[in-house]
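# Got a sequence here, can you build the structure:
(one chain, ligands or ions: 1)
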Amino acid sequence: MQPAKIAPRDRLIVALDLPSVASAEAMIDRLGDSVTFYKIGYQLGYAGGLALAKQLAGSGKKVFLDLKLHDIGNTVARGVESVAALGATFLTVHAYPQTMKAAVEARTGSGLKILAVTVLTSYDDSDLHAAGYRLNVSDLVEARARQAQALGVDGLVSSPEEAAALRKIVGDRMNLVTPGIRPAGSATGDQKRIMTPARAIAAGADYLVVGRPVMEAADPKAAAEAIHAEIAQALA
Ligand SMILES: O=c1ccn([C@@H]2O[C@H](COP(=O)(O)O)[C@@H](O)[C@H]2O)c(=O)[nH]1
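Numbering: from 1, shown residues only. Below you'll find the predicted structure:
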């Protein structure tokens, strides 16, 4: 089945990488209508963010739970069932076959989509080799994408640097979700495989995940709107 067309403003996913529910709620208030899709990861998730995720989903925002699950299959499956009850749109798991298979089976029948994290965007070839891998980043991303596709995973998390190659492998049936987004002039931080919003969209990314360039901006709403404008221009 073809995935539904994505509303342009849903293509920006803002990472609520903040220390408390109170600080996240204040940021959501500041961002207002400029953000429709939020990501909650380790920092906020472990500080009460799962209840906030349920509340956000109930209020009409889209929610991406970036929990990067990886455990024995039974534990992953039971975790996915619990997450499915929160009303989130996306949940990440690491791209290991047992993990992906368990997650896909457990989400069946719910509205939750499983995204497989291929290779973290803070890794380059030398980081992979230091971790014991013989493959370089692009080969490992592509191998994991093929496995994810064969297992029925709904989408992939990768750097936008791999988006064009991944599109050729998986066509338009899987969502390509790309962190490692840096508007021109913004600090790279710990990210190693980065692109601007416009280049990421042109490369074939469906969704752009942006954290610090919005969270740390003097005017987060203006920063989000500038990214929307760049996305719109790239789609035109
Ligand atoms: O490979 C990955 C997977 C997930 N992330 C997450 O995305 C955001 C990016 O935040 P920035 O501040 O824009 O760098 C963050 O929550 C990561 O946990 C990723 O960066 N790379």
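# got a list of what Ala165 touches?
Applying Cβ atoms under 8 Å, 6 or more residues apart in numbering, we find Ala165 in contact with 138, 141-142. Bear in mind the C-beta positions are built from the backbone N, C-alpha and C, glycine included.
# does it sit in a helix, a strand or a coil?
helix (DSSP: H, G, I helix; E, B strand; the rest coil).
# so Ala106 sits in a strand?
No - Ala106: not assigned to a strand; according to three-state DSSP it is helix.
# Please report how far it lies from Gly79.
8 Å (Cβ to Cβ, to the nearest Å).
# got it, and Gly48?
Here Gly48 is placed at a distance of 18 Å from Gly79 (Cβ to Cβ).
# Check Val14 too.
Going from Val14 to Gly79 by Cβ to Cβ gives 24 Å.
# coming back round to it: so Gly48 and Gly79 - more neighbours on which side?
Gly79 (18 against 13; other Cβ atoms under 10 Å).
# Distance check, that one against Pro213.
Counting by Cβ to Cβ - Gly79 and Pro213 are separated by 30 Å.
# Can you name the residues of this structure sitting close to the ligand?
With the criterion set to Cβ under 6 Å from any ligand atom, the chain comes near the ligand through 15, 17, 41, 66, 117, 120-121, 157, 179, 189, 191, 209-213.
# And these, which two are furthest apart?
Spatial extent of the residues of the chain next to the ligand (Cβ to Cβ) is set by the pair Val117 and Pro213 at 20.4 Å.
# Shouldn't Glu225 be within a helix?
Yes - counting by three-state DSSP, one finds Glu225 located in a helix.
# Can you report how many residues lie near it?
Neighbours of Glu225 (other Cβ under 10 Å): 16.
# Just the buried residues of stretch 165-172, please?
Residues of stretch 165-172 classed as buried by neighbour count (16 or more other Cβ atoms under 10 Å): 165-167, 170.
# can you check stretch 20-34 too?
Neighbour-count burial for stretch 20-34 [16+ other Cβ under 10 Å]: 21, 24, 27-28, 31, 34.
# Report the mean confidence score over it.
The pLDDT scores in stretch 20-34 average 98.
# Can you give the contact residues for it?
14, 16, 18, 35, 38, 40, 44, 47-49, 51-52, 56, 61, 214-215, 220-221, 224-225, 228.
# cool, and stretch 177-186?
13, 15, 64, 90, 115, 121, 155-161, 163, 188, 191-197, 200, 205-213, 223, 226-227, 230.
# could you dump it to CSV, C-alpha only?
What follows is stretch 177-186, C-alpha atoms only, in CSV (Å, rounded to 0.1, in the frame of the first residue of the first chain):
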residue,chain,number,x,y,z
VAL,A,177,13.1,10.0,8.8
THR,A,178,16.3,12.0,9.0
PRO,A,179,18.0,13.6,12.1
GLY,A,180,21.3,15.3,11.5
ILE,A,181,19.6,18.4,10.1
ARG,A,182,21.5,21.6,10.4
PRO,A,183,20.2,24.9,8.9
ALA,A,184,23.1,26.8,7.4
GLY,A,185,25.2,28.5,10.1
SER,A,186,24.0,26.3,13.0
